[in-house]
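Novice: Provided below for reference: sequence and predicted model.
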Amino acid sequence: MLEVTINRKSYADRGGRPHVALAGLELCAAPGEFVCVVGPSGCGKSTLLNAVGGLDHDVDGRMRIGAPGASHETGFMFQDPRLMPWLTVLDNVLLVGGQSPEARERAINLLRAMELGDVMHAYPGRLSGGMQRRVALARAFVIEPAVLLMDEPFVSLDVPTANRLRGMLVELWQRCRSTVLFVTHDLREALSLADRVCFLSPAPGHVVLELPVDLPRPRSPEDSNVAQLYARLLAEHPEILAGLADGGAGKEQ
(Lines give C-alpha, C1' and ligand atoms only; values in the text may rest on other atoms or scores of the structure.)
Protein backbone atom coordinates (compact mmCIF):
# COMPACT_ATOMS: atom_id res chain seq x y z
CA MET A 1 0.00 0.00 0.00
CA LEU A 2 0.97 3.63 -0.36
CA GLU A 3 -0.17 6.59 1.71
CA VAL A 4 1.12 10.09 0.92
CA THR A 5 0.45 13.36 2.70
CA ILE A 6 2.34 16.46 1.57
CA ASN A 7 1.51 19.58 3.52
CA ARG A 8 3.91 21.71 1.54
CA LYS A 9 6.80 21.27 -0.88
CA SER A 10 8.55 24.40 -2.09
CA TYR A 11 11.85 25.28 -3.73
CA ALA A 12 13.56 28.30 -5.22
CA ASP A 13 12.89 28.93 -8.91
CA ARG A 14 15.58 30.00 -11.36
CA GLY A 15 15.26 33.57 -10.19
CA GLY A 16 15.71 32.55 -6.57
CA ARG A 17 12.05 33.18 -5.72
CA PRO A 18 10.20 30.61 -3.59
CA HIS A 19 7.87 28.37 -5.57
CA VAL A 20 5.28 26.16 -3.87
CA ALA A 21 5.04 23.02 -5.99
CA LEU A 22 2.68 20.93 -3.84
CA ALA A 23 0.39 21.83 -0.94
CA GLY A 24 -2.39 19.99 0.85
CA LEU A 25 -1.88 16.84 -1.21
CA GLU A 26 -3.23 13.51 -0.01
CA LEU A 27 -3.00 10.36 -2.10
CA CYS A 28 -3.26 6.67 -1.37
CA ALA A 29 -3.03 3.43 -3.31
CA ALA A 30 -4.10 -0.04 -2.22
CA PRO A 31 -1.75 -3.02 -2.48
CA GLY A 32 -1.47 -4.01 -6.13
CA GLU A 33 -3.42 -0.99 -7.38
CA PHE A 34 -2.37 0.83 -10.56
CA VAL A 35 -2.82 4.58 -10.00
CA CYS A 36 -2.09 7.20 -12.65
CA VAL A 37 -1.43 10.83 -11.75
CA VAL A 38 -2.23 13.42 -14.40
CA GLY A 39 -2.21 17.19 -14.42
CA PRO A 40 -1.05 20.24 -16.34
CA SER A 41 2.62 20.95 -16.95
CA GLY A 42 4.33 22.31 -13.86
CA CYS A 43 1.75 21.01 -11.38
CA GLY A 44 4.30 18.99 -9.40
CA LYS A 45 3.85 15.46 -10.77
CA SER A 46 7.57 14.64 -10.92
CA THR A 47 8.13 16.47 -7.62
CA LEU A 48 5.56 14.14 -6.07
CA LEU A 49 7.36 11.02 -7.33
CA ASN A 50 10.72 12.30 -6.12
CA ALA A 51 9.25 12.82 -2.65
CA VAL A 52 7.57 9.40 -2.56
CA GLY A 53 10.71 7.69 -3.86
CA GLY A 54 12.96 9.30 -1.27
CA LEU A 55 14.92 11.32 -3.84
CA ASP A 56 13.80 14.54 -2.14
CA HIS A 57 13.66 14.65 1.65
CA ASP A 58 13.01 18.39 1.94
CA VAL A 59 9.26 17.93 2.15
CA ASP A 60 6.77 18.82 4.86
CA GLY A 61 4.72 15.65 4.91
CA ARG A 62 4.81 11.92 5.46
CA MET A 63 4.94 8.78 3.33
CA ARG A 64 3.93 5.24 4.20
CA ILE A 65 5.01 2.53 1.80
CA GLY A 66 4.09 -1.14 2.15
CA ALA A 67 2.32 -3.05 4.87
CA PRO A 68 4.00 -3.62 8.25
CA GLY A 69 6.49 -6.50 8.00
CA ALA A 70 6.28 -6.63 4.20
CA SER A 71 8.90 -5.73 1.60
CA HIS A 72 9.33 -1.97 1.21
CA GLU A 73 11.35 -2.18 -2.00
CA THR A 74 10.61 0.73 -4.32
CA GLY A 75 11.32 0.66 -8.04
CA PHE A 76 11.68 3.75 -10.22
CA MET A 77 11.43 4.21 -13.98
CA PHE A 78 12.27 7.64 -15.36
CA GLN A 79 11.51 9.52 -18.58
CA ASP A 80 14.82 8.34 -20.05
CA PRO A 81 16.22 4.82 -19.57
CA ARG A 82 19.33 5.93 -17.60
CA LEU A 83 21.30 2.84 -18.60
CA MET A 84 25.02 2.62 -17.87
CA PRO A 85 26.69 2.59 -21.32
CA TRP A 86 29.72 0.62 -20.08
CA LEU A 87 27.57 -2.24 -18.78
CA THR A 88 25.80 -4.90 -20.82
CA VAL A 89 22.02 -5.09 -20.86
CA LEU A 90 22.07 -7.93 -18.33
CA ASP A 91 24.55 -6.13 -16.09
CA ASN A 92 22.39 -2.99 -16.15
CA VAL A 93 19.53 -5.04 -14.72
CA LEU A 94 21.78 -6.81 -12.21
CA LEU A 95 23.08 -3.43 -11.06
CA VAL A 96 19.72 -3.01 -9.33
CA GLY A 97 18.79 -6.66 -8.79
CA GLY A 98 22.04 -7.82 -7.18
CA GLN A 99 24.43 -10.61 -8.04
CA SER A 100 22.82 -13.61 -6.38
CA PRO A 101 21.96 -16.64 -8.55
CA GLU A 102 18.27 -15.98 -7.87
CA ALA A 103 18.57 -12.33 -8.99
CA ARG A 104 20.43 -13.38 -12.13
CA GLU A 105 17.72 -15.89 -13.00
CA ARG A 106 15.01 -13.24 -12.45
CA ALA A 107 16.90 -10.75 -14.62
CA ILE A 108 17.34 -13.23 -17.46
CA ASN A 109 13.69 -14.27 -17.32
CA LEU A 110 12.55 -10.64 -17.35
CA LEU A 111 14.75 -9.78 -20.32
CA ARG A 112 13.39 -12.76 -22.21
CA ALA A 113 9.85 -11.63 -21.34
CA MET A 114 10.81 -8.22 -22.76
CA GLU A 115 11.95 -10.04 -25.95
CA LEU A 116 15.54 -9.02 -25.26
CA GLY A 117 17.07 -12.46 -24.82
CA ASP A 118 19.20 -12.07 -27.95
CA VAL A 119 20.77 -8.79 -26.80
CA MET A 120 21.23 -9.29 -23.06
CA HIS A 121 25.02 -9.35 -23.51
CA ALA A 122 25.05 -6.32 -25.82
CA TYR A 123 25.74 -2.74 -24.71
CA PRO A 124 22.97 -0.10 -24.59
CA GLY A 125 24.48 1.88 -27.46
CA ARG A 126 23.48 -0.91 -29.82
CA LEU A 127 19.81 -0.74 -28.86
CA SER A 128 16.98 1.38 -30.21
CA GLY A 129 15.16 3.77 -27.92
CA GLY A 130 12.26 1.37 -27.51
CA MET A 131 14.58 -1.51 -26.61
CA GLN A 132 16.35 0.64 -24.04
CA ARG A 133 12.98 1.39 -22.42
CA ARG A 134 12.31 -2.34 -22.25
CA VAL A 135 15.61 -2.84 -20.43
CA ALA A 136 14.61 -0.09 -18.01
CA LEU A 137 11.25 -1.79 -17.47
CA ALA A 138 12.94 -5.11 -16.69
CA ARG A 139 15.30 -3.33 -14.30
CA ALA A 140 12.35 -1.71 -12.51
CA PHE A 141 10.67 -5.08 -11.89
CA VAL A 142 13.75 -7.18 -11.09
CA ILE A 143 13.59 -6.33 -7.37
CA GLU A 144 9.89 -7.26 -7.31
CA PRO A 145 9.08 -3.87 -5.77
CA ALA A 146 6.26 -3.28 -3.35
CA VAL A 147 5.80 0.10 -5.04
CA LEU A 148 6.81 1.06 -8.57
CA LEU A 149 7.11 4.76 -9.40
CA MET A 150 7.00 5.68 -13.10
CA ASP A 151 7.67 9.18 -14.41
CA GLU A 152 6.30 9.41 -17.98
CA PRO A 153 8.37 6.35 -18.98
CA PHE A 154 6.99 6.09 -22.52
CA VAL A 155 7.16 9.76 -23.52
CA SER A 156 8.73 10.46 -26.95
CA LEU A 157 8.05 6.95 -28.25
CA ASP A 158 6.02 6.37 -31.41
CA VAL A 159 2.50 5.04 -30.88
CA PRO A 160 3.08 1.34 -31.76
CA THR A 161 6.23 1.12 -29.60
CA ALA A 162 4.57 2.89 -26.68
CA ASN A 163 1.52 0.63 -26.88
CA ARG A 164 3.73 -2.46 -26.96
CA LEU A 165 5.55 -1.28 -23.85
CA ARG A 166 2.28 -0.46 -22.09
CA GLY A 167 1.12 -4.01 -22.78
CA MET A 168 4.37 -5.43 -21.38
CA LEU A 169 4.07 -3.19 -18.32
CA VAL A 170 0.52 -4.36 -17.57
CA GLU A 171 1.51 -8.01 -18.05
CA LEU A 172 4.42 -7.67 -15.60
CA TRP A 173 2.28 -5.73 -13.12
CA GLN A 174 -0.45 -8.38 -13.20
CA ARG A 175 2.18 -11.03 -12.46
CA CYS A 176 4.02 -9.12 -9.71
CA ARG A 177 1.09 -7.10 -8.27
CA SER A 178 3.27 -4.15 -7.33
CA THR A 179 1.48 -0.96 -6.36
CA VAL A 180 2.12 1.39 -9.29
CA LEU A 181 2.15 5.19 -9.22
CA PHE A 182 2.41 6.30 -12.85
CA VAL A 183 2.80 9.96 -13.78
CA THR A 184 1.69 11.11 -17.23
CA HIS A 185 0.42 14.22 -18.98
CA ASP A 186 -1.51 12.03 -21.46
CA LEU A 187 -5.04 11.39 -20.21
CA ARG A 188 -5.71 8.67 -22.78
CA GLU A 189 -2.62 6.81 -21.60
CA ALA A 190 -3.82 7.10 -18.00
CA LEU A 191 -7.28 5.78 -18.86
CA SER A 192 -5.77 2.84 -20.74
CA LEU A 193 -3.54 1.79 -17.82
CA ALA A 194 -5.06 2.76 -14.50
CA ASP A 195 -7.38 1.24 -11.97
CA ARG A 196 -7.80 4.83 -10.75
CA VAL A 197 -6.73 8.24 -12.07
CA CYS A 198 -5.86 11.13 -9.75
CA PHE A 199 -6.03 14.61 -11.26
CA LEU A 200 -3.77 17.34 -9.87
CA SER A 201 -4.52 21.04 -9.90
CA PRO A 202 -2.09 23.64 -11.26
CA ALA A 203 0.68 24.46 -8.79
CA PRO A 204 0.59 24.19 -5.90
CA GLY A 205 -0.57 20.74 -6.90
CA HIS A 206 -3.15 18.78 -4.95
CA VAL A 207 -5.69 16.13 -5.89
CA VAL A 208 -8.88 17.71 -7.24
CA LEU A 209 -10.54 14.63 -8.76
CA GLU A 210 -10.22 10.85 -8.42
CA LEU A 211 -11.70 8.62 -11.09
CA PRO A 212 -12.02 4.82 -10.79
CA VAL A 213 -11.54 3.21 -14.22
CA ASP A 214 -13.53 0.01 -14.58
CA LEU A 215 -13.06 -0.52 -18.31
CA PRO A 216 -12.19 -4.12 -19.23
CA ARG A 217 -8.57 -5.04 -19.89
CA PRO A 218 -6.60 -5.19 -22.11
CA ARG A 219 -6.96 -1.55 -23.21
CA SER A 220 -5.05 0.85 -25.41
CA PRO A 221 -5.28 4.64 -25.70
CA GLU A 222 -6.93 4.21 -29.11
CA ASP A 223 -9.79 1.98 -27.88
CA SER A 224 -13.30 3.31 -28.46
CA ASN A 225 -14.31 2.88 -24.81
CA VAL A 226 -11.24 4.86 -23.71
CA ALA A 227 -12.16 7.57 -26.23
CA GLN A 228 -15.73 7.71 -24.93
CA LEU A 229 -14.59 8.04 -21.31
CA TYR A 230 -12.06 10.69 -22.36
CA ALA A 231 -14.76 12.69 -24.12
CA ARG A 232 -17.12 12.42 -21.15
CA LEU A 233 -14.44 13.68 -18.78
CA LEU A 234 -13.68 16.64 -21.01
CA ALA A 235 -17.37 17.50 -21.11
CA GLU A 236 -17.97 17.09 -17.38
CA HIS A 237 -14.74 18.61 -16.04
CA PRO A 238 -13.44 21.13 -18.59
CA GLU A 239 -11.94 23.37 -15.91
CA ILE A 240 -9.87 20.49 -14.48
CA LEU A 241 -8.72 19.07 -17.80
CA ALA A 242 -8.03 22.35 -19.60
CA GLY A 243 -4.28 22.09 -18.99
CA LEU A 244 -3.91 18.50 -20.18
CA ALA A 245 -2.47 17.72 -23.59
CA ASP A 246 -2.43 14.48 -25.51
CA GLY A 247 0.86 12.61 -25.46
CA GLY A 248 2.36 9.93 -27.61
CA ALA A 249 4.24 12.07 -30.10
CA GLY A 250 7.74 10.94 -30.81
CA LYS A 251 10.18 9.36 -33.21
CA GLU A 252 11.95 6.54 -31.39
CA GLN A 253 11.48 2.98 -32.56
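Specialist: Cool, the structure landed. If you're wondering where the values come from, they're calculated on a predicted model, not measured in any experiment. Numbers count the residues shown, from 1 in each chain.
Novice: going forward, measure contacts between C-alpha atoms and count neighbours the same way
Specialist: Fine.
Novice: show me which positions of the top helix by length along the chain end up buried.
Specialist: Assignment by DSSP state H gives helix 159-176 as the longest helix of the chain. Under the neighbour-count criterion of 16 or more other C-alpha atoms under 10 Å, helix 159-176 has 159, 161-163, 165-170, 172-173 buried.
Novice: can you give me the angle the helix or strand encompassing residue 110 makes with helix 159-176?
Specialist: In this structure, residue 110 sits in helix 101-113 according to DSSP states H and E. Calculated by axes from the mean of the first three to the mean of the last three C-alpha atoms, to 10 degrees, helix 101-113 forms an angle of 140 degrees with helix 159-176.
Novice: what packs against helix 101-113?
Specialist: helix 89-97, helix 129-141 (3 or more C-alpha pairs under 8 Å, 6 or more residues apart in numbering; DSSP states H and E).
Novice: and residue 227, what does it touch?
Specialist: For residue 227, the contact set (C-alpha atoms under 8 Å, 6 or more residues apart in numbering) comprises 188, 221.
Novice: helix, strand or coil: sort out it for me.
Specialist: Under DSSP: H, G, I helix; E, B strand; the rest coil, residue 227 falls in the helix class.
Novice: dead centre of this structure: give me the residue that sits there.
Specialist: In the chain, the residue lying closest to the centroid (C-alpha atoms, centre = their mean) is residue 150, at 1.9 Å.
Novice: so that residue belongs to a strand, correct?
Specialist: Yes. With three-state DSSP as the criterion, residue 150 is part of a strand.
Novice: bridged to it, which residues?
Specialist: Per DSSP bridges, the residues bridged to residue 150 are residue 77, residue 182.
Novice: tell me who's in contact with it.
Specialist: Contacts of residue 150 (C-alpha under 8 Å, 6+ apart): 49, 76-78, 180-183.
Novice: closest to residue 103 out of these?
Specialist: residue 76 (17.5 Å; C-alpha to C-alpha).
Novice: distance check, the residue nearest to the closest one when sequence neighbours are not counted against residue 11.
Specialist: Nearest in space to residue 76, with sequence neighbours left out and distances taken as C-alpha to C-alpha, 6 or more residues apart in numbering, is residue 149 at 4.8 Å. To residue 11, residue 149 is 22 Å away according to C-alpha to C-alpha, to the nearest Å.
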